[in-house]
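Peer 1: Sharing a sequence plus its predicted fold:
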Amino acid sequence: ASPLIDQGRVIVPLGLRVDADGKAEGASLVAFDALTGTTLWKKGAHQASYASPMICTLDGVRQIVIVCESEVCGHDADSGEQLWEYAWAGSSSGNASCSQPVVVGTNQLFVSKGYAHGSALIEISRGDADSWTVNELGHHLTVMKTKFTNVALYDGHVYGLDDSVLSCVDVQTGRRRWKRGRYG
C-alpha cells in the first residue's frame, strides 16, 4: 500500500500483529505528523491489505476509505474514528484485497477483487446521530475480478482487467458490456 498525504499528515495502513501472549496489537490506520513523524492517532481494528487509503467525500462527509483484509471501512478524515464498515471477504495469505474502491456519485463505492470474488456496488448513508448504514446495491461474482490492478470509472462504466482480460462493466447493473484481449 502507498501512504496517503493529507493536511500535514502521512496516513498509512498499519495492520495487526499477535504478540507472544496472543494479544492483537496495531490498528487499521495510523496517522503521523508529516514534518515531525509524531504519531497523531491509531484507529480501527482490522488487518491491513495491499490497498492504499484514500480521501473522499461520501454522503457529504470527508473521510478516509480503506480496503482492509476482509472489510471496506470509512474513517473520519480528522480523528481517524471508524464511521462504517462493509464485509469484503479476504485473506492476505491467499485471497488478498488489493484494488482501490472507486467513488460513484455522492455516496456509492464500486469495489472489486480477484480470486473468484468479483465486484460490488455499495451505498453509504449517514443517518441521525452520525450513525451510518451500508447497503449492497449489487454483488456481481462474475464480473470485474481485479487483482493487483484498479478500475477507471467513465460515463457510468468501469474499465479494468477482469482476470487479466480488459473489460467494460455498467457500474449500476453489473452487466458486462464487453470483455476481450489478453495483454500479457
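Peer 2: In hand now; what should we look at?
Peer 1: which residues does Leu40 contact?
Peer 2: Arg9, Ala31, Phe32, Asp33, Gly80 (C-beta atoms under 8 Å, 6 or more residues apart in numbering). Every residue, glycine included, has its C-beta placed from N, CA and C.
Peer 1: CSV for these, including pLDDT?
Peer 2: Formatted as CSV, these follow (pLDDT from 0 to 100):
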residue, pLDDT
Arg9, 98
Ala31, 97
Phe32, 97
Asp33, 98
Gly80, 96
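Peer 1: Give the buried subset of the residues you listed as a ChimeraX selection command.
Peer 2: The ChimeraX selection below is limited to those of the contacts of Leu40 classed as buried (16 or more other C-beta atoms under 10 Å):
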select :9,31,32,80
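Peer 1: Kindly provide the distance from the residue of the chain positioned farthest from its centre to Ser79.
Peer 2: Centroid-distance maximum for the chain: Asp21 at 30.7 Å, with C-alpha atoms, centre = their mean. From Asp21 across to Ser79, the span is 29 Å (C-beta to C-beta, to the nearest Å).
Peer 1: what comes up buried for the helix or strand hosting Cys168?
Peer 2: Secondary structure assignment for Cys168, by DSSP states H and E: strand 165-170. Residues Ser167, Cys168, Val169 are the ones in strand 165-170 that count as buried (16+ other C-beta under 10 Å).
Peer 1: Tell me who's in contact with the first one.
Peer 2: When the contact criterion is C-beta under 8 Å, 6+ apart, the partners of Ser167 are Val143, Met144, Tyr159, Gly160, Leu161, Arg176, Trp178, Lys179.
Peer 1: at 7 Å instead, please
Peer 2: By C-beta atoms under 7 Å, 6 or more residues apart in numbering, the residues touching Ser167 are Met144, Gly160, Arg176, Trp178, Lys179.
Peer 1: Tell me the secondary structure of Gly15, please.
Peer 2: Local secondary structure at Gly15 is given as strand here, using DSSP: H, G, I helix; E, B strand; the rest coil.
Peer 1: And the nearest residue to it once chain neighbours are set aside, how close does it get to Val12?
Peer 2: Among residues not flanking Gly15 along the chain, Ala48 sits closest, at 3.2 Å (C-beta to C-beta, 6 or more residues apart in numbering). Using C-beta to C-beta, Ala48 is found at 9 Å from Val12.
Peer 1: Give me the common contacts of these two.
Peer 2: Common contacts of Ala48 and Val12, defined by C-beta under 7 Å, 6+ apart, comprise Ala1.
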